[in-house]
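Colleague: Provide a 3D model corresponding to the input given below.
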Amino acid sequence: MGGAVSEPLRPGPRNLITDVAGLKVGHAAEAGLKSGTTVLTGDAPFTAGVSVLGGAPGTRETDLLAPDKLVGQVDALVLSGGSAFGLAAADGVMDGLRAAGRGFEVGPVRVPLVPAAILFDLLNGGDKDWQDNPYPALGRQAFDAAAADFALGSVGAGCGALTGTLKGGLGSASLLLPSGITVGALVAANPFGSVTTPDAPHFWAAPFEIGAEFGGLGPDPRAGLSLRPESAKMPAFNSRGNTTIAIVATDAALSKAQVHRMAVAAHDGLARAILPAHSPVDGDLVFAAATGTQALPDDPVAPLLEIGHAAALCLSRAIARGVYEATADHGDILPCWQALHGPR
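Modeller: Next comes the predicted model:
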């Protein structure tokens, strides 16, 4: 006996995380550096949480996002290249927020709260021989550029990203739920693992694709794809130059504990789009953000289940879109998907 088939979920008008009203995203990058920064901020502070499942994370201000910590909301979230150097991008974002009069009030003082996460892109062929850390300036530029519309691919934190077999990138996606709630994802994909099946153009995330947002090729028809994990980055990076960092967001009114649960659920989407994921040499991390403009019912269990599921779907699609949109540049050490499989 067959059950009822529910209506498919649809993306928002932009198919970007900024379909969550009030959120903005900005990028900044240097081509020669092959690295950059991406900032998510909003018209007002938002509730945030985080879940870290990778074995090699690099973070700033993530402890304050735990449900039992004092601070309820933050002003921005930063995704950056540059390994530990890239955490300084949050300094530039703080400067921009302070200039705008934003921040947590402590008497007469305002302190902008800007959690950040980084990926490793120091051995990707770019010029890293700087005298002064470039990331604070990149953070400020990204904050100043924040808008509802933004580019995907080799931009911002995804500028110098690499997957296990292809050039990585910055991706985003969204979904509109029947309840009227919007969910979106933003990701910089730089994993040890692969986002496409072995020797083929098919994305692991293909079952969740909507339309032809990352090529429309569908799933790989082959079976038996449980191969030993390998990465083309291993010779150059000694397997340590990785990490996928992401943000999922919703306009639902979630508590810090509920936002944390959304971040945990979104990791399912990361694992469906990257094989292997959450390895000892990845710092896989998902921030979650809730703007709070859509109220939940008195019994929020079903809506929370739907929001977490949608966050995972958006993150899978965003990872594939980021790699699909990546573009070739001088000095790349891995090819981009479009060069291998795009229109001839």
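
Colleague: mind checking which helix or strand residue 287 is in?
Modeller: strand 285-294 (DSSP states H and E).

Colleague: Which parts of the stretch 1-150 of the chain are helices?
Modeller: Ranges of helices in the stretch 1-150 of the chain, per DSSP state H, counting those that start in this stretch, are 89-99, 135-144.

Colleague: angle of the first one against helix 135-144?
Modeller: Comparing the axes of helix 89-99 and helix 135-144 via axes from the mean of the first three to the mean of the last three C-alpha atoms, to 10 degrees yields an angle of 50 degrees.

Colleague: Quick one: list the elements packing against helix 89-99.
Modeller: strand 35-52, strand 73-80, helix 135-144 (3 or more C-beta pairs under 8 Å, 6 or more residues apart in numbering; DSSP states H and E). In short, each C-beta sits where N, CA and C put it, glycine included.

Colleague: Average pLDDT for the last one, rounded please.
Modeller: The average of the pLDDT scores along helix 135-144 is 98.

Colleague: which other residues reach stretch 121-138?
Modeller: 28-30, 32-37, 80-83, 85-89, 91-92, 95, 159-162, 190, 236-237, 241, 331-333 (C-beta atoms under 8 Å, 6 or more residues apart in numbering).

Colleague: Mind giving me the PyMOL select for these, buried ones only?
Modeller: Buried members of these, defined by 16 or more other C-beta atoms under 10 Å, are picked up in PyMOL with:
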select buried, resi 28+29+30+33+34+35+36+37+80+81+82+83+85+86+87+88+89+91+92+95+159+160+161+162+190+237+241+332+333
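
Colleague: what about the spatially closest residue to residue 312 that is not a sequence neighbour, which SS state?
Modeller: Spatial nearest neighbour of residue 312, chain neighbours left out: residue 269 (3.5 Å); criterion: C-beta to C-beta, 6 or more residues apart in numbering. Following DSSP: H, G, I helix; E, B strand; the rest coil, residue 269 is assigned to helix.

Colleague: quick one, phi psi at residue 151?
Modeller: The phi/psi pair for residue 151 (degrees, to the nearest 10) reads phi -80, psi 160.

Colleague: What is the burial count for it?
Modeller: Residue 151 is flanked by 13 other residues according to other C-beta atoms under 10 Å.

Colleague: tell me how far stretch 72-82 is from the chain's mean position?
Modeller: Stretch 72-82 has its average C-alpha position 11 Å from the chain's average C-alpha position, going by C-alpha atoms, centre = their mean, to the nearest Å.

Colleague: mean confidence score for it?
Modeller: Stretch 72-82 comes out at a mean pLDDT of 96.

Colleague: Contact partners for the closest residue to residue 102 other than its chain neighbours?
Modeller: By the measure of C-beta to C-beta, 6+ apart, the closest residue to residue 102 outside its immediate chain neighbours is residue 75, 5.2 Å from it. Each residue near residue 75 by C-beta under 8 Å, 6+ apart is listed here: 41, 42, 45, 97, 102, 103, 104, 112, 113, 114.

Colleague: One more pass at 6 Å, please.
Modeller: Listed by C-beta atoms under 6 Å, 6 or more residues apart in numbering, the contact set of residue 75 reads 45, 97, 102, 112, 113.

Colleague: Extract the residue ranges of the stretch 1-150 of the chain that are flagged as low pLDDT.
Modeller: 1-5 (pLDDT under 70).

Colleague: switch to 90 and redo it
Modeller: For the stretch 1-150 of the chain, applying pLDDT under 90 flags the ranges 1-8, 70-72, 104-107, 125.

Colleague: can you give me the strands for the stretch 51-200 of the chain?
Modeller: Assigned by DSSP state E, counting those that start in this stretch, the strands in the stretch 51-200 of the chain fall at 59-60, 73-80, 104-106, 109-111, 116-118, 169-176, 182-189.

Colleague: Please identify the most buried of the ones you listed.
Modeller: With neighbours taken as mean count of other C-beta atoms under 10 Å, these reach their highest mean count in strand 182-189, at a mean of 32.

Colleague: still on that earlier bit, residue 54: which of the contacts of residue 75 is nearest?
Modeller: residue 113 (23.1 Å; C-beta to C-beta).

Colleague: And the residue nearest to the closest one when sequence neighbours are not counted, how close does it get to residue 314?
Modeller: Spatial nearest neighbour of residue 113, chain neighbours left out: residue 74 (4.3 Å); criterion: C-beta to C-beta, 6+ apart. Separation of residue 74 from residue 314 (C-beta to C-beta, to the nearest Å) stands at 20 Å.

Colleague: got a list of what the residue positioned nearest the centre of the chain touches?
Modeller: Nearest to the mean C-alpha position of the chain, by C-alpha atoms, centre = their mean, lies residue 187 at 1.7 Å. Listed by C-beta under 6 Å, 6+ apart, the contact set of residue 187 reads 171, 246, 318, 319.

Colleague: Specify the beta-bridge partners of it.
Modeller: residue 171, residue 246 (DSSP bridges).

Colleague: Can we start the residue count at 839 from this point?
Modeller: All set: I'll call the first residue 839, so the last point we hit is now residue 1025.

Colleague: now do the same end-to-end measure for stretch 960-978.
Modeller: 21 Å (C-alpha to C-alpha, to the nearest Å).

Colleague: roughly how far is it from the heart of the chain?
Modeller: The answer for stretch 960-978 is 20 Å, by C-alpha atoms, centre = their mean.
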